[in-house]
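> Give me coordinates for this.
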Amino acid sequence: MNWDKVEFTNHEAYLEIALEKPIFSQKTDADLNTQIGVTSLNYQGVSLSPENASCLIHKLQLINKSNMISVVFSALAAESFINYYALSKGKDEAYLRRFKGSKSKRLSESVFKWIDIPNEITGRFALNEGSAEFSGLQKPFTDRNTLAHYKASLQDLQSVDFSNIQDPNAITIQDVQSNYCATVNAIILIQKNVDPDIDIS
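Modelled structure (predicted):
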């Protein structure tokens, strides 16, 4: 926090939302286990009554909706934080607009910002292309884009096997915990190592 300026930022709120949603998903999964004896990870192949199948589908939709919110807000937090970092170091919006993604490498402009901005400001890279953190950072943006360009799946009710029903674009609780929130936290800590002056409180 810079006490000489008034800051209007959203990255903290975005990260809070991203971190809150997995808690709801876990609670919903526990409710599912209590109510019908399965979870979002082990329901496939289990024979369920029509009532339990209906409950399962409803709970899976709630879990997936919560997980989608976490994915989107993880990406928003990562993008908002790197923009905040650049602006707090005297860069302007024109500077931020010069970054472009790479369709051939399937990388978002935000990932390029995480590579280039810390290096341009400090002379040190927070992320290196090819590192685990670099790959991990791309995932929230890739999955956010998949959600933004979602293709519906329509199936004939007669052919649906309710014991194996699954949304092909579903995001698991484990994905959210390991691939989104943890990644954003990790890259912010890496940025702190590169530039100890940045406030990450």
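> Check which helix or strand Asn119 maps to.
helix 109-122 (DSSP states H and E).
> OK, contacts around the residue nearest to the spatial centre of the chain?
Most central in the chain under C-alpha atoms, centre = their mean is Val71, positioned 2.7 Å from the mean C-alpha point. Contact analysis of Val71 by C-beta atoms under 8 Å, 6 or more residues apart in numbering lists Pro140, Asp143, Arg144, Leu147, Ile171, Val176, Tyr180. Using the backbone N, CA and C atoms, a C-beta is placed for each residue, glycine as well.
> rerun that using 10 Å as the cut-off
If a contact means C-beta atoms under 10 Å, 6 or more residues apart in numbering, then Val71 has 18, 21, 139-144, 146-147, 171, 175-176, 179-181 as its contacts.
> For the helix holding Asn119, buried residues please.
Ser110, Val111, Phe112, Lys113, Trp114, Ile115, Asp116, Ile117, Pro118, Ile121, Thr122 (16 or more other C-beta atoms under 10 Å).
> go on, stretch 11-30?
Quick answer for stretch 11-30 (16+ other C-beta under 10 Å): 11, 14-15, 17-19, 21-22, 24-26, 28-29.
> which of the contacts of Val71 are buried?
18, 21, 139-144, 147, 171, 175-176, 179-181.
> So of those residues, which two are at opposite extremes in space?
Lys21 and Thr142 (18.6 Å; C-beta to C-beta).
> hang on, the earlier thing: quick check: the residue nearest to the centre of the chain is in a helix.
Yes. According to DSSP: H, G, I helix; E, B strand; the rest coil, Val71 belongs to a helix.
> Show the pLDDT at it.
If you check Val71, the pLDDT there is 90.
> Distance check, it against Leu107.
Noted for Val71: a distance of 17 Å to Leu107, by C-beta to C-beta, to the nearest Å.
> contacting residues for Cys55?
Contacts of Cys55 (C-beta under 10 Å, 6+ apart): Asp31, Leu32, Gln35, Ile36, Val38, Leu48, Ser49.
> Just say helix, strand or coil for it.
helix.
> which one of the contacts of Cys55 has the most neighbours?
Neighbour counts for the contacts of Cys55 (other C-beta atoms under 10 Å) peak at Leu32, which has 22 neighbours.
> give me the low-pLDDT residue ranges for the chain?
Applying pLDDT under 70 to the chain flags the ranges 1-7, 104-105, 153-169.
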